[in-house]
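S.K.: Sequence and computational prediction follow.
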Amino acid sequence: MEVTERFTMGIQKISDSFISGNIYYVSNSLLAKALMNIDQQCQDKILRNMSTDSAEAVKKMMADLEGISKEEIESAQREIISMADGYI
């Protein structure tokens with residue numbers, strides 16, 4: 001299974017309470033990279049479970065990351081998958 005597919009499927013299956021309770025373990029910059037090139041529904045699920053300020057910071061970082069390589073995106077996704085091992 002492709003990294004981005006596994007990452008997206010993981011977001012879809014975890015609960016909002018899990019995200020909001022654990023999102024602070026992930027840096028905004030890592031999260032911004034990982035959310036690049038995934039569907040809007042999954043991005044929204046993560047962002048709505050963050051503080052408003054943090055979500056806005058991640059959105060800004062994502063806008064600044066346009067053109068980031070697929071390898072950098074997948075590296076960030078792998079790192080988050082390893083952090084949430086067993087949950088996604």
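M.R.: Cool, the structure landed.

S.K.: How about residue 3, nearest residue that isn't a chain neighbour?
M.R.: The shortest distance from residue 3 to any non-neighbouring residue, by CB to CB, 6 or more residues apart in numbering, is to residue 74 (4.4 Å). Where you see a C-beta, it was placed from the backbone N, CA and C, and this is true even at glycine.

S.K.: my guess is that neighbour meets residue 5, correct?
M.R.: No - assessed by CB atoms under 8 Å, residue 74 is found out of contact with residue 5, at 10.6 Å.

S.K.: just how off-centre is whichever helix or strand residue 76 is part of within its chain?
M.R.: Following DSSP states H and E, the helix or strand that holds residue 76 is helix 70-83. Distance of helix 70-83 from the chain centroid (CA atoms, centre = their mean, to the nearest Å) equals 9 Å.

S.K.: Kindly report the same for stretch 66-83.
M.R.: Distance of stretch 66-83 from its chain centroid, counting by CA atoms, centre = their mean, is 9 Å.

S.K.: That one: which residues count as buried?
M.R.: For stretch 66-83, the neighbour count (16 or more other CB atoms under 10 Å) marks 73-74, 76-77, 80-81 as buried.

S.K.: Can you lay out those as TSV showing distance to residue 57 and pLDDT?
M.R.: What follows is these, written out as TSV (distance: CB to CB, whole Å; pLDDT from 0 to 100):
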residue	distance to residue 57	pLDDT
73	18	97
74	22	97
76	16	97
77	19	96
80	17	94
81	22	92
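
S.K.: Per-residue pLDDT of residue 52, please?
M.R.: pLDDT recorded at residue 52 is 96.

S.K.: measure it to residue 72 for me?
M.R.: Distance of residue 52 to residue 72, computed by CB to CB, to the nearest Å: 27 Å.

S.K.: the helices in the chain, which residues?
M.R.: 3-13, 16-22, 28-35, 40-47, 52-64, 70-83 (DSSP state H).
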